[in-house]
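1. sequence plus predicted model, see below.
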Amino acid sequence: MAQSFLQRAVKRTIDVTASCFGICATLPLVAAVGAAVKLDSEGPVLYRSPRVGKGGRIFDLYKLRSMKVTPPDAGPQVTAGTDDRITRVGRVLRKTKIDELPQLFNVLKGEISLVGPRPEAPKYVAKFPSEYEKILSVKPGLSDRATLEFLGEEELLAGAADPEKTYVEEILPRKIAHYLRYVENPSLAEDAAIIVETLGRIAERAAKSILGRPEQ
């Protein structure tokens, strides 16, 4: 079931309002973390990752850089928690999800929404063409039910002999199932529930990381 014009208008209004507030509220934190990223390792503060958006359009997803600068083909596009490309500061950023704060600019620009299927790298979208033809009929998002299920994805991949194969064959199909359910049943109430749960889960992870407690 496609979203109505009113649903799309309300959703965009929420996206713009929330992203403007979020950018202003987190700007001091992002600036401080950006300085730490720069001091910790060579390279830019921001990392731009090509992703496939609505209608198959490619855009750059923004993140605070959490990995060493390497050639584009120097490793898989999925990251296990034990990946030695991750910097010292990067481990904290990825654990707390602070590295994803710049994606609020993607929301403000209209490339993604607060809630929607997470945008995927082109190489992985190409492996599931029929499914993504449906998924890409809506704007991708910062969070969704798949994000919540796999909030500890890097820890799961850390135990895999081949993280990329595990991602493509086991994790991504489960994510796609969530994406398709979202596309078929759009709901502003569900969006609100996902936003609240995402904020709560991230706050919990951040607290555990700061206190040095292991994930359950």
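-> Structure received.

2. contacts and neighbour counts: CA atoms only from here.
-> OK.

3. which residues are in contact with Ile14?
-> Ile14 makes no contacts at all, as judged by Cα atoms under 8 Å, 6 or more residues apart in numbering.

4. helix, strand or coil for it?
-> Classification of Ile14 using DSSP: H, G, I helix; E, B strand; the rest coil returns helix.

5. how near is it to Leu46?
-> Ile14 sits 25 Å away from Leu46, going by Cα to Cα, to the nearest Å.

6. look up how far Ser130 lies from the residue nearest the centre of the chain.
-> Central residue of the chain (Cα atoms, centre = their mean): Leu142, 5.4 Å from the mean position. Leu142 sits 23 Å away from Ser130, taking Cα to Cα as the criterion.

7. and the helix or strand of the chain with the lowest mean pLDDT, which residues are buried?
-> Using mean pLDDT, DSSP states H and E, helix 153-158 stands out as the lowest-scoring helix or strand of the chain, at a mean of 86. Under the neighbour-count criterion of 16 or more other Cα atoms under 10 Å, helix 153-158 has Glu153, Glu154, Glu155, Leu156, Leu157 buried.

8. now, which of those residues sits nearest Thr79?
-> Within these, the smallest distance to Thr79 is 6.1 Å, found for Glu154 (Cα to Cα).

9. verify the stated contact: that closest one with Arg91.
-> No: in terms of Cα atoms under 8 Å, Glu154 does not count as a neighbour of Arg91; the distance is 10.7 Å.

10. what segments of this protein are helices?
-> 5-40, 88-96, 103-109, 122-125, 129-135, 145-149, 153-158, 163-166, 172-184, 188-211 (DSSP state H).

11. got a list of what Val115 touches?
-> Val115 touches Pro140, Gly141, Leu142, Ser143, Asp144, Asp191, Ile194, Ile195, counting by Cα under 8 Å, 6+ apart.

12. any idea how far Phe21 is from the second one?
-> As defined by Cα to Cα, Gly141 lies at a distance of 17 Å from Phe21.

13. number of residues surrounding the closest residue to the residue nearest to the centre of the chain other than its chain neighbours?
-> Counting by Cα to Cα, 6 or more residues apart in numbering, Leu142 lies nearest to Leu114, which is 5.0 Å off, once chain neighbours are set aside. Each residue near Leu114 was counted by other Cα atoms under 10 Å, and the total is 28.

14. so Leu114 touches Gly141, yeah?
-> Yes: the pair Leu114 and Gly141 passes the contact test of Cα under 8 Å, sitting 5.2 Å apart.

15. common neighbours of the two, please.
-> Common neighbours of Leu114 and Gly141 (Cα under 8 Å, 6+ apart) are Val107.

16. low-scoring stretches of the protein, by residue?
-> 1, 71-77, 81, 210, 212-216 (pLDDT under 70).

17. let's see it at 50
-> 215-216 (pLDDT under 50).

18. returning to what we had before: ok, the contacts of Val115 vs Val125, which is closest?
-> Nearest to Val125 among the contacts of Val115, with distances taken as Cα to Cα, is Pro140, at 12.8 Å.

19. what about that closest one, how many residues nearby?
-> Neighbours around Pro140, by other Cα under 10 Å: 26.

20. mind listing what it touches?
-> Contacts of Pro140 by Cα under 8 Å, 6+ apart are Gly53, Lys54, Glu111, Ile112, Ser113, Val115, Gly116, Pro117, Arg118, Pro119.
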